[in-house]
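Asks: Here's my sequence, what's the structure:
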Amino acid sequence: MKARLKSYFRGQKSQGLTEFALIAPVILLLTFGIIDFGRALYLYITLQQAANEGARVAVRASYFIDPSGQPHQWPTDTDVANAVTGHAVIMNLANNPACPNGPLPNNGVAQGSSTLPAANTGWIFITDPSQAGNGSPNGPRGGLGSYPAPNTGAGCNLVTPATGNEPIKVTLWYTFQPITPIIQQVVGNNIVITAYAVYRAEYSN
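Replies: Reported below is the predicted structural model:
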């Protein structure tokens, strides 16, 4: 009787280990998949709030002092970028090195674009409200600020500052890299989270 019970419990233990070995990879994949989804959702919400903050700064008309200590009346691309990066402090965001004021790559469609930010980095675009960002006005009243001049040889737009109540759009592209290896292998680094905000200028003229 004792031998029979020992054999029974040994069999139950072996069965439990086998079942755990089969189910553990599925549980781990689901767990990390949920973590990746949560990260992506958090990044999207942060990006959307940062785009709203950048657009709000782009359209305001009031005397203020920028982070370098210089007072001025009209906001610039630099002020907008500072507002965006100041809100999205956990992200590596910068202006698109080629065309900060448009046009956006691939006519504004991030998925499938051959030009994207590197993994876990993002770009800031300040443009007109169109999807491709290829119209005007395409910047705040103060112009570039300390932003580098656009590469017009690559087809980039020069800044045409908004006046009166013309609209300005701030668009953010961020390349999200999952931490789950299997998901990385399936989608690579091509998950681009996008957010934008369009506000009308509040300039007096």
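Asks: any chance you could map the helices in the protein?
Replies: Under the criterion DSSP state H, the chain carries helices at the ranges 2-59, 77-87, 181-187.
Asks: residues in contact with the shortest one?
Replies: This means helix 181-187. Residues outside helix 181-187 that contact it (C-beta atoms under 8 Å, 6 or more residues apart in numbering) are 29, 32-33, 36, 177-178. C-beta: built from backbone N, CA, C; applies to glycine.
Asks: Can you tell me which of those are buried?
Replies: Buried members of the contacts of helix 181-187, counted by 16 or more other C-beta atoms under 10 Å: 32, 36, 177-178.
Asks: Show me which pair in the residues you listed is furthest apart.
Replies: Distance extremes for the buried ones among the contacts of helix 181-187: the farthest pair is F32 and Q177 at 13.1 Å, using C-beta to C-beta.
Asks: Report the set of residues contacting both of the two.
Replies: Counting by C-beta under 8 Å, 6+ apart, F32 and Q177 have no shared contacts at all.
Asks: so where is the chain shaky, pLDDT-wise?
Replies: By pLDDT under 70, the low-scoring segments of the chain are 1-17, 20, 62-67, 72, 95-98, 186-189, 205.
Asks: middle-most residue in it, spatially?
Replies: Y174 (3.1 Å; C-alpha atoms, centre = their mean).
Asks: What is the burial count for the closest residue in space to that residue that isn't next to it in sequence?
Replies: Closest residue to Y174 apart from its sequence neighbours, by C-beta to C-beta, 6 or more residues apart in numbering: G122 at 3.5 Å. Other residues lying near G122 total 27 when counted by other C-beta atoms under 10 Å.
Asks: now do P167
Replies: 15.
Asks: Identify the bridge partners of it.
Replies: On the basis of DSSP bridges, P167 is bridged to R200.
Asks: I appreciate the help and will end here.
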